[in-house]
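A.B. asks: The following comprises the amino acid sequence and a computationally predicted model.
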Amino acid sequence: MKVLVVNSGSSSLKYQLIDTSTDAVLARGLAERIGMASGRLKHSSEGRAELVLEQPIPDHVTATDLAFSALVDPQHGAVSTLDEIEAVGHRVVHGGEKLTRAVRIDDEVIRAIEEMSALAPLHNPPNLMGIRACLERMPQTPQVAVFDTAFHSTMPPHAYMYALPYELYSELGIRRYGFHGSSHKYVSARAIRLLREMGHEGDTHIVTCHLGNGCSATAVVNGRAVDTSMGMTPAEGLVMGTRGGDIDPAILPFLIKKYGWSADELETLINKKGGLLGLSGASNDMRDVEERAGKGDARSRLALEVFCYRVRKYIGAYAAAMGGLDAVVFTGGIGENSPTVREMCCRGLEVLGVALDPGLNSSGRGERCVSRKDSRAKILVIPTNEELEIARETVEIASALQVG
């Protein structure tokens, strides 16, 4: 089945056309700077010359039109007509407690996604813009929503509840939801398969670490999430590019009293001024932070150490929460590409049976095991593929519709 996977952000629209019979990516593209004076569409199809268009892209409907035109373009496209696309899968960040699995998009689902916008104001509204644009252009093609929060819906109450007045949960939905669900689901499934191939029998206890500009860790027992580091919003947990993750909540009223900061200013602090950027004072990009740390920059070194210590602490906590540890998975741009970060995150975890092989860690590419042969818990590097996971879940829904 040919599935178009769409990831619509506030000023961008990413897409991939995937043939799920072979998992091959037939085409991919990115429309960016939507709504700004100058926009750009970059599109590539397998075996075809790359297409780059520089022009204003006033809204997501225009971005979708450009993407569709590129997909059917005789020189740069991957299909003859849009009718060859059998389903569209949309990444949606927040499904709340109502939408805990992939669903075909209809008016009721759209209303539910709108309701969840209060909990994900930066993500759900642009997700909906992409959905509406695709529905307008392909009204007869099944459109499926796949939620970042869905994989974490198996968490037990003791993991997702905050120790706040219960009414804040029952009336406002304040609880832990978790994010990066498609990535954690994909890499944990791959990790289970790799463990079986290595002879592991019985239950599996895995910590998946998605480390990119956004970072999260998830405890996964037998393929089901039992805890995760991100909370009601993607701000909690690990240190990220510009988000600081866990902080003492009393810091916020302290700042309000001290400086009279508004809610918007606090949101900016939490989402855009913390993390690697806030600590290093130089960059939110781990590559820059590592380079500066290597040259002796003390604040960049501090940022690197805080980042890795937080990951290490979560791995240890989740090993205790799961009652065992069979594998640690590193994925995401940093997790897949930084031997230094992996080494620092695993340092001291030998007490949990985690032993890194320095040679394997610093060499190789793609999916691989980088732990020592005698390491009781394996250390795996698994490139994530959220788009493929979304495509597979879309096929499940679309196929069921065809049978029905």
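C.D. replies: Arrived safely. Numbering: from 1, shown residues only.

A.B. asks: CA only for contacts and neighbour counts going forward, please
C.D. replies: Will do.

A.B. asks: residue nearest the centroid of this structure?
C.D. replies: His180 (3.2 Å; Cα atoms, centre = their mean).

A.B. asks: Strands of this structure, start to end?
C.D. replies: In the chain, strands defined by DSSP state E lie at 2-8, 12-19, 24-32, 40-45, 51-54, 87-92, 103-104, 143-147, 205-211, 215-221, 224-228, 327-331, 368-369, 378-381, listed in chain order.

A.B. asks: Dump these to JSON lines, plus mean pLDDT, distance to Met129 and mean neighbour count.
C.D. replies: Listed next are these as JSON lines, based on pLDDT from 0 to 100; distance: least, Cα to Cα, whole Å; neighbours: other Cα atoms under 10 Å:
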{"stretch": "strand 2-8", "mean pLDDT": "94", "distance to Met129": "7", "mean neighbour count": "25"}
{"stretch": "strand 12-19", "mean pLDDT": "94", "distance to Met129": "10", "mean neighbour count": "23"}
{"stretch": "strand 24-32", "mean pLDDT": "95", "distance to Met129": "14", "mean neighbour count": "21"}
{"stretch": "strand 40-45", "mean pLDDT": "96", "distance to Met129": "17", "mean neighbour count": "22"}
{"stretch": "strand 51-54", "mean pLDDT": "95", "distance to Met129": "21", "mean neighbour count": "14"}
{"stretch": "strand 87-92", "mean pLDDT": "96", "distance to Met129": "11", "mean neighbour count": "28"}
{"stretch": "strand 103-104", "mean pLDDT": "96", "distance to Met129": "16", "mean neighbour count": "18"}
{"stretch": "strand 143-147", "mean pLDDT": "97", "distance to Met129": "13", "mean neighbour count": "28"}
{"stretch": "strand 205-211", "mean pLDDT": "98", "distance to Met129": "27", "mean neighbour count": "28"}
{"stretch": "strand 215-221", "mean pLDDT": "98", "distance to Met129": "25", "mean neighbour count": "27"}
{"stretch": "strand 224-228", "mean pLDDT": "98", "distance to Met129": "28", "mean neighbour count": "25"}
{"stretch": "strand 327-331", "mean pLDDT": "98", "distance to Met129": "29", "mean neighbour count": "26"}
{"stretch": "strand 368-369", "mean pLDDT": "98", "distance to Met129": "38", "mean neighbour count": "20"}
{"stretch": "strand 378-381", "mean pLDDT": "98", "distance to Met129": "34", "mean neighbour count": "26"}
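
A.B. asks: Could you save the ones you listed as JSON lines and add columns showing distance to Asp285?
C.D. replies: Below are the strands of the chain laid out as JSON lines (distance: least, Cα to Cα, whole Å):
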{"stretch": "strand 2-8", "distance to Asp285": "22"}
{"stretch": "strand 12-19", "distance to Asp285": "20"}
{"stretch": "strand 24-32", "distance to Asp285": "20"}
{"stretch": "strand 40-45", "distance to Asp285": "23"}
{"stretch": "strand 51-54", "distance to Asp285": "26"}
{"stretch": "strand 87-92", "distance to Asp285": "24"}
{"stretch": "strand 103-104", "distance to Asp285": "35"}
{"stretch": "strand 143-147", "distance to Asp285": "27"}
{"stretch": "strand 205-211", "distance to Asp285": "12"}
{"stretch": "strand 215-221", "distance to Asp285": "13"}
{"stretch": "strand 224-228", "distance to Asp285": "23"}
{"stretch": "strand 327-331", "distance to Asp285": "16"}
{"stretch": "strand 368-369", "distance to Asp285": "24"}
{"stretch": "strand 378-381", "distance to Asp285": "20"}
